[in-house]
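Q: predicted model and sequence follow; I will ask about them next.
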Amino acid sequence: MSNLKKDGGSGREASKQASGQASKQASKQASKQASGQAWEQASGQKGGGEGTARQGSEHPVIMTIAGSDSGGGAGIQADVKTMTALGGFGLSVIAALTAQNGAEVRGIHEVPVDFVALQLETVLDGFPVQAAKTGMLASAAIIESVADILSAPGRKCCFPLVVDPVCVSQSGHRLLREDAEEALRRRMLPLADLLTPNKPEAELLSGVRITGMGEARRAVGRLFDLGARAVLLKGGHFGEFEGKGRMTDWLGLPGSGLLPLEHPRVETGNNHGTGCTLSSAIATFLGFGLPLVLAVQKAQDYLTRALQNSFCPGIGAGAPNFLAGAGGF
């Protein structure tokens, strides 16, 4: 494990050095141009005129399809706050409403499937989406509808998609119906440019109980078999496999094994919505045109800073400080 950590640190530094300002700007511009062209082909519209999107904008359009958190720390609210803090323009498709605060989820109301579809189609028809993420999708019917639209041949959804397979809230309340697990595997994983499960979610989706690095590799391999093009196995649930004061997220890329990406462990109870924040930050950096490894590393840095400056506005677990996390980007 010590060798893995050493490799992860050197890999992180090399990636950062290789990603200079000039190449970042070039990558960002190329992504915007490609996204603009794809959207123009799909919509029949051109950017640049009054009332239309300008593809040279410094604010990439990022979409989230997820559930609403009335407590403001997770879900759609965390996603849009993160996207905005990092310079993106956030769009939302709300799949479910939750009645929750930092201590508990008191109720869930699924948005009617037809209205979820209407939101998604309306957003895609009106904006040149440059990256997207999914979070809480609640039911098999909603998953099927979302997947149908995103994969429709004429839709041309030519943007990276981060799939955060939200199943259970931090307070232990189930956010995905049990009968929807197979739909998530079958429909959403093949659409995922990056899948971001924590340990319990990876075990649930892969069917592999993770007790060490060998099982972690098998679980990620199984998720590849199910269609995911890359997997970020999030740390925090691995105990002895992570060093004191550090956390390790493992990035799985086909043919490359697991790349350990270390970052500081922040000891705080204000950790409501950390998974939502990380996945939406990754999507935003992908929307800026960054390569995947660098997008993940910058999202880790953003979340670390947000947790270091976190606070608790009410009862229960507080949330990351979304604005403070963006300092330095």
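A: Looks like it came in fine. Numbering: from 1, shown residues only.

Q: which strands border the longest strand along the chain, and is each parallel or antiparallel?
A: What stands out as the longest strand in the chain, according to DSSP state E, is strand 89-100. Strand 89-100 has the following strand partners under DSSP bridges: strand 61-69 (parallel), strand 105-110 (antiparallel).

Q: and that strand, average pLDDT?
A: In this model, strand 89-100 has a mean pLDDT of 95.

Q: could you number the chain from 155 rather than 1 from now on?
A: Yep, numbering from 155; the last one is strand 243-254 now.

Q: list the buried residues in that strand.
A: For strand 243-254, the neighbour count (16 or more other CB atoms under 10 Å) marks F243, G244, L245, S246, V247, I248, A249, A250, L251, T252, Q254 as buried. Using the backbone N, CA and C atoms, a C-beta is placed for each residue, glycine as well.

Q: could you do stretch 363-374 as well?
A: I364, A370, R371, A373, V374.

Q: ranges for the helices of the stretch 155-304 of the chain?
A: With DSSP state H, counting those that start in this stretch as the criterion, the stretch 155-304 of the chain has helices at 156-172, 175-197, 229-239, 267-280, 294-304.

Q: compute the inter-axis angle for the fourth one and strand 243-254.
A: Put plainly, it is helix 267-280. Interaxial angle, helix 267-280 versus strand 243-254 (axes from the mean of the first three to the mean of the last three CA atoms, to 10 degrees): 160 degrees.

Q: burial of A295, as a residue count?
A: 18 (other CB atoms under 10 Å).

Q: still on that earlier bit, closest to G381 out of the buried residues of strand 243-254?
A: A249 (20.6 Å; CB to CB).

Q: I figured that closest one was touching A292, is that so?
A: Yes: contact criterion CB atoms under 8 Å: A249 and A292 qualify, at 5.5 Å.

Q: give me the common contacts of these two.
A: G221, E264 (CB atoms under 8 Å, 6 or more residues apart in numbering).

Q: mind listing what's buried along stretch 377-395?
A: By 16+ other CB under 10 Å, the buried positions in stretch 377-395 come out as 377-378, 380, 382-389, 392, 395.

Q: contacting residues around that stretch?
A: Contact with stretch 377-395 is made by 155, 317, 339-340, 343-354, 356, 359-360, 366-367, 370, 373-374, 396, 401-408, 412, 429, 432, 436, 446, 450, as judged by CB under 8 Å, 6+ apart.

Q: the closest residue to V316 other than its chain neighbours: what's it in contact with?
A: Excluding the flanking residues, the one nearest V316 by CB to CB, 6 or more residues apart in numbering is K287, at 4.1 Å. Contact analysis of K287 by CB under 8 Å, 6+ apart lists 216-220, 233, 315-318, 433-434, 436-437.

Q: before I go, just wanted to say thanks for your time.
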